[in-house]
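J.: Attaching a predicted model along with its sequence, questions to come.
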Amino acid sequence: MTMSPTLNDAQRTLTFEEIGPAQRGTRSDEVVLAISPAFADFFSQTIVDIPHAEVVRQILAGIEEQEVSARCIRVTHSADLAVLAHTAAKLSGSGIGIGILSRGTSMIHQRDLPRLSSLELFPQCPLLTLETYRNIGANAAQYAKGESPEPVPTLNDQMARPRWQAKAALLHLKETEQIRKGAKPVEVAATFAAAV
């Protein structure tokens, strides 16, 4: 697995161990992160080769820095970002969830909002950095605490879509091949380990 040499822990890997069916949380101070069917499984990096291990590490660090707990679930019945994020929010004790697709596209959602009306959407995954992912986690945690944070600043490039459209379409196709219709979300535990 080739990773960006600019990352300090480029040999780190990520696995998710299934714990059991995902249940609605009882803690009012938690954020649920929903990963897509192929995240850190069929794929191991985002569209711009950022390792999934580092993405998850940064999101969880952002949540924990706000003194909020985090749980992870895997959603395999859909590769629709809004479905992932809304499912996470509905299962979160605080009502706040984050969804992330294998290519890196992300969303912060709230339980009582319509599925297509998120708190924050990060559609230009080629422009998302590890700092952005950390800020996504931090903002989600602040929403969970009842705060109203400033939206996470992101880059904008009108040429990103045409430049990455073909690769994004291919990644989406491969992601949807991993869908298991009718499968229920499962709670998973992230394990980080150094590759040999």
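T.: All right, it came through fine.

J.: buried sites along the longest helix seen in the chain?
T.: For the chain, the helix that runs over the most residues, judged by DSSP state H, is helix 160-176. For helix 160-176, a neighbour-count test (16 or more other Cβ atoms under 10 Å) marks Ala160, Trp164, Ala168, Leu171, His172, Lys174, Glu175 as buried. (Each C-beta comes from the backbone N, C-alpha and C, glycine too.)

J.: Of those residues, just say which sits nearest to Phe122.
T.: Looking at the buried residues of helix 160-176 and their distance to Phe122, the nearest is Ala160, at 12.1 Å (Cβ to Cβ).

J.: pLDDT score assigned to the residue nearest to the spatial centre of the chain?
T.: Closest to where the C-alpha atoms of the chain average out (Cα atoms, centre = their mean) is Ile100, at 2.9 Å. With respect to pLDDT, Ile100 scores 98.

J.: My guess is it contacts Leu84. True?
T.: Yes. Using Cβ atoms under 8 Å, Ile100 is in contact with Leu84, at 7.2 Å.

J.: Low-confidence stretches in this structure?
T.: 1-12, 194-196 (pLDDT under 70).

J.: Quickly note the distance from Val188 to Phe42.
T.: Computed as Cβ to Cβ, to the nearest Å, the Val188 to Phe42 distance reads 15 Å.

J.: Those two: which is more packed in?
T.: Comparing Val188 with Phe42 by other Cβ atoms under 10 Å, the one with more neighbours is Val188, at 21 against 14.

J.: what's the more buried one sitting at in phi/psi?
T.: With angles defined as degrees, to the nearest 10, Val188 sits at phi -130, psi 150.

J.: how about the helices of this structure, start to end?
T.: Secondary structure of the chain by DSSP H: the helices cover 52-65, 81-91, 130-144, 160-176.

J.: Save these as a markdown table, and put in distance to Gln124 too.
T.: Below are those laid out as a markdown table (distance: least, Cβ to Cβ, whole Å):
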| stretch | distance to Gln124 |
| --- | --- |
| helix 52-65 | 15 |
| helix 81-91 | 13 |
| helix 130-144 | 10 |
| helix 160-176 | 5 |
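
J.: Of those, give the one that comes closest to Ser106.
T.: Per Cβ to Cβ, nearest to Ser106 of the helices of the chain: helix 130-144, 5.7 Å.

J.: and the closest one with helix 81-91, angle?
T.: 40 degrees (axes from the mean of the first three to the mean of the last three Cα atoms, to 10 degrees).

J.: Summarise which helices and strands helix 130-144 is packed against.
T.: Packing contacts for helix 130-144, counted by 3 or more Cβ pairs under 8 Å, 6 or more residues apart in numbering; DSSP states H and E, involve strand 30-35, helix 52-65, strand 96-100, strand 106-110, strand 120-122.

J.: Great, nothing more from me.
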